[in-house]
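Student: sequence first, then the predicted structure:
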Amino acid sequence: MQYTLFDLQEHIRRVLVLNYPAPVWITAEIAQLGRSRGHLYLDLVQKSAEPDGELQAQAQAVLWQRQYQKLRLEKGLLLEEVLQEGCEVRMLVRVDFHERYGLKLLIEDLDTAYTFGQLELQRRQTIQTLNTLGLFERNRSLPLPAVLQRVAVVSSEGAAGFQDFREQLAANAFGYRFQCQLFQAAVQGNSAETELIASLEQVAARHERFDCVVILRGGGARLDLAAFDRLALCKTAAALPLPLLTGIGHDVDETVLDLVAHTALKTPTAVADFLIQHQLFFENKVLRLATQFHDLAAQRLQLNTLELGNLETAVRWSAQARARSAASHLEQVEQTLPHLLRQNLRQATRQLDQAEALCAALHPDAALRRGFSLTLKNGKAVRSVAEISAGDTLETRLPDGTVQSVVK
């Protein structure tokens with residue numbers, strides 16, 4: 001027997017009506033919540049109790065405006081506290097199936113005593129574990145290099161966010177060049193966590209080649225972010241030896257990976273703008289240093305020029321002063337030299353006169369004139385009897401003549 005699509009859908013609707021004639025209580029997690037014209041549209045999920053928390057079921061539910069107002073009057077602000085993304089709620093739903101719009105759960109009541117859902121609990125447990133291990137602030141404490149030019153990009157090659165990121169970097173108005181190397185990984189789905197961890201480990205093994213690592217992902221449903229709250233991925237990211245930048249693509253949602261990253265940005269384009277701005281800050285810093293260096297050099301040159309001018313002036317005045325002093329000294333020498341010469345000549349004349357008088361007083365003739373005589377032997381004065389012998393001829397000089405005698 002062959003059925004049309006409508007026949008099949010109508011058969012499914014009748015089966016559901018027969019098997020679920022009355023509302024049933026279910027527990028599920030609100031993965032995404034939207035509001036339109038007073039109506040609330042919910043994406044409900046259920047995950048396994050295993051550590052990886054695999055998605056087991058997913059459905060759409062709606063809380064019509066009239067029923068919402070009724071529950072709001074009954075439960076007050078507690079209703080708003082329960083109706084939050086990430087909360088696990090217990091609700092009374094009526095199963096509705098339409099041939100055109102498919103399966104939908106109509107919410108009739110909620111149990112406000114139910115706590116946050118498994119996704120949020122897992123998120124909180126991940127944060128607590130990272131804090132206990134000392135990893136929550138580890139990547140954020142890494143110093144950001146002055147230049148972020150060699151970028152390791154972890155993303156899906158076909159992701160729109162990755163393409164936006166590359167185009168934003170290539171079209172920057174400052175002409176900066178970036179060396180981006182892609183490490184392929186799924187950013188959603190069951191294999192996302194495993195592939196992201198593998199790519200991050202590859203980056204860590206070659207971290208000396210890069211300045212930072214970037215994880216990019218475009219927009220998507222809230223459920224697709226579950227992998228970024230997993231403990232294993234966040235531990236690997238927090239332990240990276242490079243600063244981690246995230247651009248997961250959600251303006252409202254903040255994953256645990258965003259919390260452990262060095263810098264969390266909303267979109268891949270925002271990450272590209274951050275890199276460009278970081279380079280601009282560095283260039284401005286270099287330009288400021290160059291200006292300061294130029295000003296300092298000009299200032300030092302001006303000071304040295306002034307010092308040289310002062311030294312030149314001082315040398316000129318000193319030379320002139322020394323020349324004047326030398327000229328004055330020469331004039332004084334010129335004036336005093338004749339007087340000194342005359343004085344020296346007079347002193348020398350007196351010394352000569354004194355020497356002449358002393359020589360005259362000490363001359364043997366002077367002694368002879370005073371009544372003395374001088375006895376000579378062979379032309380030499382006899383000073384002792386021992387110097388003469390019998391038969392020697394002696395010459396005796398007297399003031400008025402000479403007498404020769406023979407010794408007996």
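Tutor: Looks like it arrived, so ask away.

Student: any regions of the protein where pLDDT drops low?
Tutor: The model of the chain has pLDDT under 70 over residues 1, 50-53, 81, 86, 113-121, 190, 219-224, 250-253, 367-368, 371.

Student: need the longest helix for it.
Tutor: Looking across the chain with DSSP state H, the single longest helix is helix 268-362.

Student: pull out the buried residues from stretch 285-300.
Tutor: Under the neighbour-count criterion of 16 or more other CB atoms under 10 Å, stretch 285-300 has nothing buried. Placement of C-beta: from N, CA and C, glycine included.

Student: sorry, slip of the keys, the one I care about is stretch 249-264.
Tutor: 249-250, 253-264.

Student: same deal with stretch 230-237?
Tutor: Neighbour-count burial for stretch 230-237 flags 230-231, 233-237 (criterion: 16+ other CB under 10 Å).

Student: excluding its backbone neighbours, what's nearest residue 201?
Tutor: residue 236 (6.7 Å; CB to CB, 6 or more residues apart in numbering).

Student: kindly report which residue of the chain is located farthest from the centre.
Tutor: Computed with CA atoms, centre = their mean, the residue of the chain farthest from its C-alpha average is residue 408, at 126.9 Å.

Student: how close does it get to residue 382?
Tutor: Distance of residue 408 to residue 382, given as CB to CB, to the nearest Å: 16 Å.

Student: same check on residue 172?
Tutor: 129 Å.

Student: check residue 15 too.
Tutor: Relative to residue 382, residue 15 is positioned 180 Å away (CB to CB).

Student: which of those two has more neighbours?
Tutor: residue 382 (17 against 11; other CB atoms under 10 Å).

Student: for residue 41, helix, strand, or coil?
Tutor: Recorded secondary structure, residue 41: strand (DSSP: H, G, I helix; E, B strand; the rest coil).

Student: circling back to that earlier point, which residues are in contact with the residue nearest to residue 201?
Tutor: 197, 200-201 (CB atoms under 8 Å, 6 or more residues apart in numbering).

Student: next one: residue 9
Tutor: Residue 9 neighbours (CB under 8 Å, 6+ apart): 97-100, 102.

Student: which of these sits closest to residue 139?
Tutor: Within these, the smallest distance to residue 139 is 43.6 Å, found for residue 102 (CB to CB).

Student: rewinding a little: backbone phi and psi for the residue nearest to residue 201, please?
Tutor: phi -60, psi -40 (degrees, to the nearest 10).

Student: give me the distance between it and residue 193.
Tutor: 10 Å.

Student: swap in residue 47?
Tutor: 14 Å.

Student: shared neighbours of these two, anything?
Tutor: In contact with both residue 47 and residue 193: no residue, using CB under 8 Å, 6+ apart.

Student: in the stretch 51-200 of the chain, which spans are strands?
Tutor: For the stretch 51-200 of the chain, applying DSSP state E, counting those that start in this stretch gives strands covering 55-63, 88-98, 102-111, 150-155, 179-184.

Student: kindly report the domain assignment for the protein.
Tutor: 5-116, 121-280, 365-406 (automatic domain parsing).

Student: run the chain-centre distance for the second one.
Tutor: Shown here is domain 121-280, whose average C-alpha point lies 22 Å from the average C-alpha point of the whole chain (CA atoms, centre = their mean, to the nearest Å).

Student: which parts of stretch 188-202 are buried?
Tutor: So, applying 16+ other CB under 10 Å, buried residues of stretch 188-202: 188, 192-197, 199-200, 202.

Student: highest neighbour count among the contacts of residue 9?
Tutor: So for these (other CB under 10 Å), the most neighbours sit at residue 97, 17 neighbours.

Student: wait, doesn't that one sit right on residue 12?
Tutor: Yes - counting by CB atoms under 8 Å, residue 97 touches residue 12, with 5.9 Å between them.

Student: residue contacts, residue 48?
Tutor: Contacts of residue 48 by CB under 8 Å, 6+ apart are 54, 56.

Student: from residue 334, how far off is the residue nearest to residue 390 when sequence neighbours are not counted?
Tutor: Leaving aside its sequence neighbours, residue 390 sits nearest to residue 407 (CB to CB, 6+ apart; 5.3 Å). As judged by CB to CB, residue 407 and residue 334 stand 69 Å apart.

Student: for residue 226, same thing?
Tutor: 112 Å.

Student: gap between residue 294 and residue 174?
Tutor: Applying CB to CB to residue 294 and residue 174 gives a distance of 22 Å.

Student: re the thing from before, who has more neighbours, residue 226 and residue 334?
Tutor: residue 226 (22 against 9).

Student: helix, strand, or coil at the more buried one?
Tutor: helix.

Student: next, work out how far apart it and residue 42 are.
Tutor: Distance from residue 226 to residue 42, by CB to CB: 17 Å.

Student: how about residue 311?
Tutor: 88 Å.

Student: residue 278 too?
Tutor: With the distance defined as CB to CB, residue 278 ends up 40 Å from residue 42.

Student: same question, residue 153
Tutor: To residue 42, residue 153 is 35 Å away according to CB to CB.

Student: more neighbours: those two, which one.
Tutor: residue 153 (26 against 22).

Student: partners of that one in the sheet?
Tutor: Applying DSSP bridges to residue 153 yields these beta-bridge partners: residue 182, residue 214.

Student: list the contacts of it.
Tutor: Applying CB under 8 Å, 6+ apart to residue 153 gives the contacts 162, 165, 180-183, 213-214, 216.

Student: drop anything exposed from these.
Tutor: For those, a burial check counting by 16+ other CB under 10 Å picks out 162, 165, 180, 182-183, 213-214, 216.

Student: between those residues, which is closest to residue 388?
Tutor: So of the buried ones among the contacts of residue 153, ranked by how close each gets to residue 388 (CB to CB), first place is residue 213, at 132.0 Å.

Student: excluding chain neighbours, what is closest to that closest one?
Tutor: Of all residues not flanking residue 213 in the chain, residue 152 sits nearest, at 4.4 Å (CB to CB, 6+ apart).
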